[in-house]
Every structure is written in structure tokens, then in C-alpha cells.
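> What would the 3D arrangement of this be:
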Amino acid sequence: MSTIIPPHLYLWIFCEDCILYIFSLVVLLLAAYYFSKLPRKPHPLRLYGYSYHNGPHEWPRHFPASAGCKQSPINVDSARAVRLDSRASCRPLLWRNRECLPNAYTMLNDGRKVALIGTWAAPNMVPEVTGGPLGSAVYRLVGMHFRWGANDEWGGEHTLDNRSFPLELQMLLIRQDFATPKDALASKEGNSMTMVSYFFKIAARDNPYLDAVVLNLGRIRRPGAKHCLPPFPLDWLAPPFSSRFFAYVGSLSEPPCAEVVIWILRFTPQLHISSRQLHQFRILLSADGPITRNSRPVQLLWGRKVFLYK
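Residues are numbered from 1 along each chain as shown. This next block holds a predicted model:
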């Protein structure tokens with residue numbers, strides 16, 4: 001004989017299920033709210049960048065050194081620069097091993113810029129520089145990277161008499177007593193690194209010396225992508241010079257913005273790049289989308305001197 005369940009008992013069971021469902025939903029919503037308020041560690045590629053949410057105005061939150069008084073880049077006021085005759089007051093810049101070809105270059109999209117890192121067959125074949133503002137210290141090449149902007153009017157980080165340049169090539173060198181850039185940063189010494197910058201202007205025709213880089217940018221479109229380039233002379237991208245440059249003490253122009261850099265700026269003569277070639281840099285991607293710009297605004301000098309080596 002089957003048992004007849006009273007209608008009010010069905011209602012009670014239904015109400016119990018509804019209460020359990022609502023309770024579970026409330027618990028899930030509360031948990032979601034709680035976890036949304038927990039501090040999150042940003043993805044390394046998003047920790048800093050050049051967008052609104054992680055651009056230079058946000059860097060001091062994560063990188064206190066970026067609020068220091070010896071920050072880079074700067075505007076160079078040529079009329080106020082301290083003029084030095086490199087032949088009379090100090091040694092001119094002296095380059096070594098520039099004729100030594102690397103085994104290869106690795107071109108990298110690190111999510112913010114294009115970097116070129118060479119590997120040489122032996123340590124005594126790596127390009128070096130000394131003299132000028134570097135004194136007797138010798139600095140060894142680590143790599144090069146490019147800075148550009150959203151249009152052909154600006155993009156380089158440093159400016160000369162408030163004039164912008166569409167592209168800046170920065171060579172990073174570390175003092176030879178350091179094994180790696182990380183060691184140089186850890187030293188916190190104001191001259192543990194040097195940056196040598198070259199500046200470009202727009203030309204009607206392509207610059208064939210940039211082809212090795214520009215024609216392969218499509219291979220590193222996504223952040224983290226790498227591509228191996230065959231060896232080519234360093235002079236193709238960065239011609240040697242010994243005088244006619246500006247120098248000052250500053251910092252890395254991107255986080256951690258450590259104030260450990262002697263900057264050497266070669267504003268003239270400018271190198272050439274076509275508008276078509278420059279556009280190829282802007283198709284590269286970061287974690288936030290196309291890298292249309294990767295330059296930090298100029299920083300205050302705070303009493304620092306800029307020197308012109310004639």
C-alpha cells in the first residue's frame with residue numbers, strides 16, 4: 001500500500017531546497033567579494049608599462065627609485081651645457097672590439113620594447129668603450145633596445161632643446177668588473193652602467209642598415225617572442241664616435257629606474273629611418289595591446305649638470 005504524502009509536506013521540501021539554494025548563492029557571492037578585495041600580484045608583463053593603468057605616473061607605487069632626483073630621460077638644454085674639450089680636459093671616447101662580429105643576435109619582444117642581445121665567441125671579443133665621462137673605467141656591451149612613439153613626430157626619450165626625435169636606439173653597457181646587469185644594479189654605484197643613445201630622423205627612403213631588424217619584427221610580434229638574427233657589424237646600427245656628444249648622470253629610464261647610469265647622448269648627426277620602417281615597430285604587441293609608445297616623459301634635472309664633449 002503506497003504512502004500518500006500530504007501536499008503541505010511537498011511545499012516544505014520545496015521551501016527547504018529554495019533556502020539551501022539561496023544560502024549557497026549568498027556564500028558564493030560573499031566569497032567572490034572577499035577574494036576580489038585581496039591584493040593581487042600583477043602579471044610580470046603588466047607590472048609596469050606605458051598604458052594608463054601601469055604607465056610612468058604609476059611606477060613609484062611599485063618602484064620607489066623612479067621618484068628619485070637623478071632620473072632619466074631629460075631634456076638637454078644645449079645653451080646651459082658645460083662645454084668640455086675632450087682633447088684638453090679628458091680622453092675622448094675609445095671603442096674596442098667593434099670589428100668583432102657576434103656569433104648571432106637574439107631579437108626579443110619583452111612586452112615593452114625590442115631588444116637585441118649579442119653573443120660573442122669569447123669575452124675579449126665583446127665590444128667595449130672607455131674614456132670621456134667614463135674616465136679609465138671600461139664598459140662592456142650587453143645589448144641594445146629601441147624607443148618609439150605613436151607617430152613620426154616623437155618617440156625617443158631624450159629631447160634636445162625641447163625637440164623630439166621619432167626613434168632612439170639605446171646601447172646598454174656595464175662596467176667590466178660586473179658579470180651581469182643584475183650585479184651592476186645590486187651595487188647601487190652611480191657609474192655601474194652606461195647608456196649610449198643614438199637618435200633618428202625620418203627619411204624618404206628606407207635605411208638598408210636597419211633591414212636586419214625591421215624585416216624580422218613580424219617574427220616577434222607577440223610579447224615574449226624571440227628570433228635569432230645572423231651576425232652583422234655593430235656599426236650598421238650604432239656608428240662609432242669619440243667626441244661631439246652630451247653626457248650626464250642619471251638612471252635607467254624604465255623600472256627599476258635605478259640611478260646607476262652615465263648617459264652618453266649622440267644627437268648629431270642623426271641616423272635615418274623611413275616612416276614605413278618605423279611603422280613596423282608599432283605593430284608589436286604588449287600584454288595591453290599594440291606597443292604604440294614605450295618612452296618615459298623627460299624628468300627634472302634637480303641641479304644636475306649636462307656636459308658637452310666637443
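> Can you report how many residues lie near the nearest residue to Thr106 once chain neighbours are set aside?
Spatially, and ignoring its direct neighbours in sequence, Thr106 is nearest to Ile117 (4.8 Å; C-beta to C-beta, 6 or more residues apart in numbering). Any C-beta I mention is one placed from the backbone N, CA and C, and that applies to glycine too. If you count neighbours by other C-beta atoms under 10 Å, Ile117 ends up with 17.
> What distance do you get for Ile117 to Met107?
Using C-beta to C-beta, to the nearest Å, one gets 8 Å for the distance from Ile117 to Met107.
> quick one on the thing from earlier: now the residue nearest to Thr106, what's its secondary structure?
When classified by DSSP: H, G, I helix; E, B strand; the rest coil, Ile117 comes out as strand.
> distance of it from Leu47?
From Ile117 to Leu47 the distance is 21 Å (C-beta to C-beta).
> Ok, Leu116 next?
Computed as C-beta to C-beta, the Leu116 to Leu47 distance reads 23 Å.
> So which of these two has more stuff around it?
The residue with more neighbours, out of Leu116 and Leu47, is Leu116; 20 against 15, by other C-beta under 10 Å.
> Surely that one touches Met107?
Yes: shown here, Leu116 and Met107 form a contact pair, counting by C-beta atoms under 8 Å, at 5.6 Å.
> what residues are shared contacts of these two?
Common neighbours of Leu116 and Met107, using C-beta atoms under 8 Å, 6 or more residues apart in numbering, are Val213, Leu229.
> Tell me where the model's unsure across this protein.
Segments of the chain classed as low confidence (criterion: pLDDT under 70) are 1-21, 23-46, 86-89.
> how about 90 then?
1-47, 85-91, 310 (pLDDT under 90).
> Let me see the ranges of the helices in this structure.
With DSSP state H, the ranges of helices along the chain come out as 7-37, 59-62, 181-187, 211-214, 275-281.
> So in this protein, which strand runs the longest?
Counting residues, the longest strand in the chain under DSSP state E turns out to be strand 261-274.
> Does that one pack against any helices or strands, and if so which?
Packing partners of strand 261-274 (3 or more C-beta pairs under 8 Å, 6 or more residues apart in numbering; DSSP states H and E): strand 193-203, strand 245-250.
> TSV for the ones you listed, including distance to Glu157 and mean neighbour count?
Listed next are the helices and strands packed on strand 261-274 as TSV, based on distance: least, C-beta to C-beta, whole Å; neighbours: other C-beta atoms under 10 Å:
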stretch	distance to Glu157	mean neighbour count
strand 193-203	8	21
strand 245-250	11	22
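> CSV please, covering these and showing distance to Leu93.
CSV is the format used below for the helices and strands packed on strand 261-274 (distance: least, C-beta to C-beta, whole Å):
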stretch, distance to Leu93
strand 193-203, 9
strand 245-250, 7
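> wait, which of those is closest to Gln277?
strand 193-203 (9.1 Å; C-beta to C-beta).
> Which strands and helices lie in contact with that closest one?
Applying 3+ C-beta pairs under 8 Å, 6+ apart, we find strand 193-203 packed against strand 167-175, helix 181-187, strand 261-274.
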